[in-house]
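[1] What follows is a predicted structure for the sequence shown.
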Amino acid sequence: MRAVVDSALRVQQAAALHRQAAALTDAASAALDAESGGSDPLEQHRLAEELRSAAGALAPGWLGSPLDAQSANTPLGGVYPPQFVRLGVAQPLDDARFPAVIPLLGTGHLTIDATATDSRVFGLLRSILVRLLAAAPAGSLLVRAVDGIGGGEVFAPFAGLQDAGLLSPPATDRQGLRDVLAEAEKWLRPGRGAAPRRARRDRMMLVVIASLPELTEGEELRRIAALAQQGPDSGLHLIVAGWPPPPLTAETTQAPLPRTTMVSVRNPYAVIGDPPGATYGSTSDVSWLNAPVFLDEDPPPHLVDAVCRELAAHSAAATRVTLADLLPEPGEELWAGDAGEGLSTVVGHDGETPLALRFNDLTPHWMVGGRSGAGKTAFLVNVLYGLCARYSPTELALYLLDFKEGVTFAEFVPTQRDRTWLPQARAVGVEADREYGLAVLRELNAEMSRRNTAYERAGVSTLPELRAAAAEDGLKRPLPRILCVIDEFPALLAGNDPVATEATTLLESLARTGRSCGIHLVLASQNVAGLEAHYAKRDSFFGQFPVRIALPGGGDVLEPANDSAAGLPLGTAVVNTAGGLGGPRGATRGHERIIRFPDPHADDALLSDLRHRLWGTRDPESQPPRVFAGYAHQHLADDPTYRAALAGRGAVPSALIGRLLDVGLTTAAFPLDRAPGRHLAIFGSQASASEVLDAAARSVAAFHPPRTARFVIASLVAEGDRLAEALAAEIGHRQEVTLVDAAGLAGELDPDRPGYRVVFGMDAAAPGSLAGLPELLRDGPARGAHLLSWWRDPHRFADSAGRDDVSGLLFLNVPPAEVAAMIGRTVAWHPRPNRALLHDRRDERTVTVVPFLDPGVTDDQGGPL
Ligand SMILES: Nc1ncnc2c1ncn2[C@@H]1O[C@H](COP(=O)(O)OP(=O)(O)OP(=O)(O)O)[C@@H](O)[C@H]1O
């Protein structure tokens, strides 16, 4: 209904304009005939005045005012279409002037017989453009630009409109011209009988040719003439500077374009020919405006800038996609999706159309590229919320891994501030270690093997079949599809250490075989090219990722020849479902779309509401995700093995020293049994190393029933004193404790005396002062006597007698070379805060651990619980 009213209104407006136009041409002919008749100057001034007011009525505001006096604050927009536009000032007499206006949009075209290399044409084109863009309702005028000789400079001040799609990047060669012509031809309404396309009536296309490219041939010239003939009925108009073009051959001088006002540039003025279907003169022998016209000059840059900015902002606001656009309709139930055949979610909008992408057999895995700050996090978070709103935890399980310092997935895990979590999340790694990533991949591969076995057992080959078979067997929970998202995945695969080698193998196997088991991958990175370069089996691996999503700066996830991601603005992405393959330039590519997607955090209220609703809908029995936050400190008091020991459910007494980097964050324990070598030496010059000794001693004490173990605690260095005293007091509640000095320690080394010697700063022992040490180390364990020690300087340990009888070596800030020297081989280790390397000589195993630190040292990042 509204459209009908709008178009009726427009018809009326157009009719009124035509009447005005007729009045104007009548007035002009009268005035000009009078002039040519050499009549009274007073009369001429009166007529010029009349014409000025007629022009003011036809081309008001932006369309006809002098631009150098125009305020940038003049409101934009107006009647659709803006029909008359000013070209300059007609000056029949030195002191008699009136604006020269012509009908253009809604009527026909404009040609100028010189190209924009002429500065007057250059200025004129800019001034017409700014007038039309400012006066047309925002977004209703699409400009397609061609400038073969000038390289597009005349359009440069309007470049801000390109992102909004209101202006095309100027075509500068013959192919570019052809592309513009092809687009314009598509703009023409389909022939009679076909329904007119909706929405087209409210927009016009203006093709502005500032100069034809070199080598433009007869074919293109004919296409331009055909467009001129057919265009106006479909809202297509042309401004062609340099028409007619220089003849290609003597016989082929181009005719004037049909339905066109022709301007001929003389010196210093121009002559404006009659507009299509009307005449400025009253006699048939004069077919032009009978007064010299001084063309409008280049408009002030700030004016162009202000107009373009406002239009771009308007377009951004009008085309904004919000998080709500990606989620199910508000009335729809959560978790209505069935993952049997695949997962699907809306990732953004292509024009007005939502684009849904799938994880299924055809598009099992996606790869996402984009420079830092390009919106990768935003894109991934959209996808995750989109999926989690549609699929319940029984349909979808998430494994999320982030290898960069950032918070990509931090919002999906419980924190002090918000205890909710995403119920579909099984494991989340924030600032994850590669070892942790490897553990996740191992778990997923194990799940893949289990599913493959289940396929064989059930005699089926697809997930829907397996789910159906499981349902028949009475299994209530269908097997969910699993999605593993890895941000900055090259961190996991790069290098050629054992972690990289195993991770590569596991990821390849998931990429190849995961699809049939319902296991899907999204790999994201700033730099895929770097990885590809040294990736031996590129095709076998990258070939498994048919869906490529290129955000700004992420063109390297596309094929090298595909440049469609060049110049993408923030909030947009190229979505390619053919492995990044390109296609002919300018051609419509069925497998590629450019989408706009929202910043999910722009709508924090909706996001938080959704998260709480999802959490509230979960099975109350369900477990929170297992969280690994790389930066988070680990504390003995929170450790399940320690708590079990305190509760009397401990197994072999062990020194608990931290948590392993695996999916379940298993406790890292060093058993203190009766075998030779069961002593622990901790190395590190920083206080954290002494804190690990403290935790180790407390944990051992917890394994023994009250009052059954004896502890001798000594601090040989000042920085250990406070901890040693506190430790003695703490353990003293439960076990027998003796706090001794260096001399006292020397008397407590008898291997026949069971119990634990706990020494802070062992490297400070005076040489020869601990004569009994080698014997304790050698014979102690068999008799229940063990040494737990902290060494600030590993060299002192290396030089000490009996060192080979210490099996447990824990390194904190110790350089790799020194570690290698002590354990007799090189290891993949680089010292860093909050990490330690545990080596057990008994089985020659070396693992990285997050060591237990003193909770008094604050974990200032407010990490997950
Ligand atoms: N669609 C969007 N529209 C507008 N702004 C956005 C959009 N997506 C993201 N942003 C903003 O851009 C900035 C960078 O986004 P984001 O953190 O998602 O990028 P990133 O690629 O993950 O960056 P990095 O790799 O450095 O973490 C943020 O401030 C975000 O608010």
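    Perfect, thanks for sending it.

[2] C-alpha from now on. contacts and neighbour counts both.
    Will do.

[3] Could you name the helices and strands sitting against the longest strand seen in the chain?
    If you go by DSSP state E, the chain has its longest strand at strand 84-93. In terms of contacts (3 or more Cα pairs under 8 Å, 6 or more residues apart in numbering; DSSP states H and E), strand 84-93 is packed against strand 96-103, helix 119-135, strand 293-295.

[4] change it to 6 Å
    strand 96-103, strand 293-295 (3 or more Cα pairs under 6 Å, 6 or more residues apart in numbering; DSSP states H and E).

[5] Following the chain past the one helix or strand in the chain whose mean pLDDT sits lowest, name the next helix or strand.
    Every helix and strand of the chain was ranked by mean pLDDT, DSSP states H and E. The lowest is helix 2-36, at a mean of 47. Next along the chain after helix 2-36, taking DSSP states H and E as the criterion, comes helix 41-58.

[6] Show me what that following helix is packed up against.
    For helix 41-58, the packing partners by 3+ Cα pairs under 6 Å, 6+ apart are strand 96-103.

[7] got the contact list for the strand it packs on?
    Outside strand 96-103, the residues that touch it by Cα atoms under 6 Å, 6 or more residues apart in numbering are 45, 48, 52, 83-91.

[8] how about those residues in CSV, adding pLDDT and distance to the ligand?
    Below are the contacts of strand 96-103 laid out as CSV (pLDDT from 0 to 100; distance: Cα to the nearest ligand atom, whole Å):
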residue, pLDDT, distance to the ligand
His45, 86, 56
Ala48, 88, 52
Arg52, 92, 47
Gln83, 93, 36
Phe84, 96, 38
Val85, 97, 37
Arg86, 97, 38
Leu87, 97, 39
Gly88, 97, 41
Val89, 96, 45
Ala90, 94, 48
Gln91, 92, 51
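
[9] Farthest-apart pair in the residues you listed, please.
    Using Cα to Cα, these reach their maximum pairwise distance at His45 and Gln83, which is 26.5 Å.

[10] who's more crowded, these two?
    Gln83 (25 against 18; other Cα atoms under 10 Å).

[11] residues touching that one, list them.
    Counting by Cα under 6 Å, 6+ apart, Gln83 has contacts 103-105.

[12] Buried residues, stretch 315-324. List them.
    Neighbour-count burial for stretch 315-324, counted by 16 or more other Cα atoms under 10 Å, picks out 315, 321-323.

[13] Pro464: which element?
    Assigned by DSSP H and E, Pro464 falls in helix 463-472.

[14] go on, Leu610?
    helix 604-617.

[15] on that earlier part again, for the contacts of strand 96-103, please prepare JSON lines with the additional fields distance to Gln162.
    Below are the contacts of strand 96-103 laid out as JSON lines (distance: Cα to Cα, whole Å):
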{"residue": "His45", "distance to Gln162": "44"}
{"residue": "Ala48", "distance to Gln162": "40"}
{"residue": "Arg52", "distance to Gln162": "35"}
{"residue": "Gln83", "distance to Gln162": "24"}
{"residue": "Phe84", "distance to Gln162": "25"}
{"residue": "Val85", "distance to Gln162": "23"}
{"residue": "Arg86", "distance to Gln162": "25"}
{"residue": "Leu87", "distance to Gln162": "25"}
{"residue": "Gly88", "distance to Gln162": "27"}
{"residue": "Val89", "distance to Gln162": "31"}
{"residue": "Ala90", "distance to Gln162": "34"}
{"residue": "Gln91", "distance to Gln162": "37"}
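
[16] Would you write out the ChimeraX command that picks the buried residues out of those residues?
    One line in ChimeraX is enough to select the buried ones among these; burial here means 16+ other Cα under 10 Å:
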select :45,48,52,83,84,85,86,87,88,89,90,91
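
[17] Just the closest residue of the stretch 151-300 of the chain to the ligand, please.
    Asp163 (13.1 Å; Cα to the nearest ligand atom).

[18] Can you get me a residue count around that residue?
    16.

[19] I'd like to know which of the buried residues of stretch 315-324 are part of helices.
    If you go by DSSP state H, those have 315, 323 in helices.

[20] Quick check: the two most widely separated of the buried residues of stretch 315-324?
    Ser315 and Leu323 (18.2 Å).

[21] Check the secondary structure at the closest residue to Leu326 other than its chain neighbours for me.
    Distances taken as Cα to Cα, 6 or more residues apart in numbering put Val346 closest to Leu326, at 5.1 Å, once the chain neighbours are dropped. Recorded secondary structure, Val346: strand (DSSP: H, G, I helix; E, B strand; the rest coil).

[22] Can you name the residues of the chain that neighbour the ligand?
    370-378, 570-571, 597-599 (Cα under 6 Å from any ligand atom).

[23] Could you measure from Phe98 over to the ligand?
    To the ligand, Phe98 is 47 Å away according to Cα to the nearest ligand atom, to the nearest Å.

[24] Ignoring the adjacent residues along the chain, who's closest to that residue?
    Going by Cα to Cα, 6+ apart, Phe98 has Arg52 as its nearest residue, at 4.8 Å.

[25] Can you pull out the low-pLDDT segments for the stretch 401-550 of the chain?
    406, 476-477, 530, 532-539 (pLDDT under 70).

[26] returning to that earlier point: how about a markdown table for the contacts of Gln83, with neighbour count, distance to Leu531 and pLDDT added?
    Putting the contacts of Gln83 into a markdown table (neighbours: other Cα atoms under 10 Å; distance: Cα to Cα, whole Å; pLDDT from 0 to 100) gives the following:
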| residue | neighbour count | distance to Leu531 | pLDDT |
| --- | --- | --- | --- |
| Pro103 | 23 | 58 | 96 |
| Leu104 | 26 | 55 | 96 |
| Leu105 | 25 | 53 | 95 |
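
[27] Quick check: Asp350 touching Phe597?
    No - taking contacts as Cα atoms under 6 Å, Asp350 lies outside contact range of Phe597: 9.2 Å.

[28] more neighbours, the two?
    The neighbour count for Asp350 versus Phe597, taken as other Cα under 10 Å, is higher for Phe597 (26 against 17).

[29] List the residues that contact that one.
    Phe597 neighbours (Cα under 6 Å, 6+ apart): 321, 348, 571-572.

[30] Recalculate using a threshold of 10 Å.
    Each residue near Phe597 by Cα atoms under 10 Å, 6 or more residues apart in numbering is listed here: 320-323, 325-326, 346-350, 354, 375, 378-379, 382, 570-573.
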